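J.: The following block contains a protein sequence and its predicted model.
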Amino acid sequence: PCLCSVWGSSSGFRIVWNNRVPPASLRESLICVNCGSNARQRAAAGALLHALASTPRPRVYLTEQASPLFIALHRRFPRLSGSEFQPSLAKRLRLTAWLWRQRVWTWVRHGDATALRFTDASLDAILCLDVLEHVPDFRAALREFARVLKPGASLLLTVPWYWTNAGSGEIARLRPDGGIDFLLQPPEYHGDPLGGGVLCFHHFGWDLLDAMRESGFAEAEALRIGDPERGLPEAQWVLRARR
């Protein structure tokens with residue numbers, strides 16, 4: 001077995017087939033049999049562990065909470081916090097009950113990436129995985145990430161990144177009246193294990209690194225992470241920014 005960065009020890013991996021069709025990419029489908037993390041998550045978690053190697057008892061925020069990834073990382077980071085974009089109290093209580101059945105004794109909180117509940121310069125790292133493309137004002141989210149991170153702290157994020165494109169594209173836009181203009185037809189939705197499809201607003205290219213720097217980060221870079229011995233035979237893109 002290979003080493004799983006999330007689980008922290010040797011593990012096996014399985015390829016998830018969708019309707020008996022082999023996956024075009026291993027990004028989402030090469031799953032750790034112990035913790036349930038996919039290749040994208042393991043690549044980002046490995047970069048997170050490297051960034052926090054010299055930080056004792058770090059405060060880490062993950063932009064998800066009712067997930068196998070949160071459960072696995074909670075073993076590694078006791079001060080880990082997370083949230084779900086879920087305004088419904090009833091649904092959050094059901095998700096909390098699920099976490100408790102996994103022996104993770106925390107409440108699921110509603111979270112908005114553009115209005116985080118943390119105080120300024122209070123976190124050692126943020127892990128944001130395939131969330132930013134669903135935020136209409138993604139620059140506001142980047143500014144919030146920069147606000148709550150300590151100087152020198154790291155943001156690790158993944159997005160469906162169009163690495164062959166210099167610029168990003170807006171494919172949906174939120175109107176002032178709350179409606180949505182769909183600039184791409186048909187609209188693009190991404191799967192979500194909690195609530196079905198979630199609308200995608202952006203296709204990100206290399207200028208996302210510029211947006212990260214303009215939002216208050218001292219530096220930003222794109223990492224291409226691959227390591228067959230860690231269950232990453234297909235290299236994955238992870239973006240890293242330092243406050």
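T.: Yep, it's here.
J.: ok, Leu80 to Ala47 distance?
T.: From Leu80 across to Ala47, the span is 16 Å (CB to CB, to the nearest Å). Placement of C-beta: from N, CA and C, glycine included.
J.: no wait, Thr55
T.: Thr55 is 14 Å from Ala47, by CB to CB.
J.: which one of these two has more residues nearby?
T.: Ala47 (23 against 15; other CB atoms under 10 Å).
J.: Please name the residues that touch Asp137.
T.: Thr114, Leu174 (CB atoms under 8 Å, 6 or more residues apart in numbering).
J.: backbone phi and psi for it, please?
T.: phi -100, psi 80 (degrees, to the nearest 10).
J.: pLDDT at it, what is it?
T.: Per-residue pLDDT puts Asp137 at 97.
J.: again with the one 3 residues further on
T.: Model confidence at Ala140, given as pLDDT, is 98.
J.: Ok, Ile225 next?
T.: pLDDT, Ile225: 96.
J.: which one is it nearest to, not counting chain neighbours?
T.: Spatial nearest neighbour of Ile225, excluding adjacent residues (CB to CB, 6 or more residues apart in numbering): Ala43 at 4.2 Å.
J.: just checking, that neighbour is part of a helix?
T.: Yes: counting by DSSP: H, G, I helix; E, B strand; the rest coil, Ala43 is located in a helix.
J.: could you measure it against Arg14, distance?
T.: Taken as CB to CB, the span from Ala43 to Arg14 is 17 Å.
J.: Looking at these two, which is more packed in?
T.: Ala43 (29 against 10).
J.: quick one, what contacts that one?
T.: Contacts of Ala43 by CB under 8 Å, 6+ apart are Ser5, Thr158, Ile225, Gly226, Leu232, Ala235, Gln236, Val238.
J.: What's the per-residue pLDDT of the most centrally placed residue in the chain here?
T.: In the chain, the residue lying closest to the centroid (CA atoms, centre = their mean) is Leu129, at 1.2 Å. According to the prediction, Leu129 has pLDDT 97.
J.: Good, we can wrap up now.
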